[in-house]
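**Student:** coordinates only, sequence not included:
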């Protein structure tokens, strides 16, 4: 989630979220995306911040 800051176009302090598949992100935002290859450093386990249902990860 993103929280709108002072004078945000979404409203001060409002939470903004969006669910898009990778293809929709590329097709919609492709011109503005910056994609970099992996740095091949140590692999760290990553977990989603929340599940699609809004539950906290286990």
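**Tutor:** Structure received. What you see is a predicted model, and the numbers here were worked out from it, not measured in a lab. Numbering: from 1, shown residues only.

**Student:** Can you get me a residue count around residue 8?
**Tutor:** Residues near residue 8, counting by other Cβ atoms under 10 Å, number 13. Every C-beta, even on glycine, is put in place using the N, C-alpha and C of the backbone.

**Student:** right, and it touches residue 14 too?
**Tutor:** Yes: counting by Cβ atoms under 8 Å, residue 8 does reach residue 14; the two are 7.0 Å apart.

**Student:** how far does the worst-scoring helix or strand of the chain on mean pLDDT sit from the chain's center?
**Tutor:** The helix or strand of the chain with the poorest confidence is strand 2-3; it has a mean of 86 (mean pLDDT, DSSP states H and E). In this view, strand 2-3 has its centroid 10 Å away from the chain centroid, taken as Cα atoms, centre = their mean, to the nearest Å.

**Student:** Likewise for stretch 3-23?
**Tutor:** So, by Cα atoms, centre = their mean, the centroid of stretch 3-23 is 10 Å from its chain's centroid.

**Student:** Do me a favour and get the end-to-end distance for that stretch?
**Tutor:** Its start and end residues considered, stretch 3-23 measures 25 Å (Cα to Cα, to the nearest Å).
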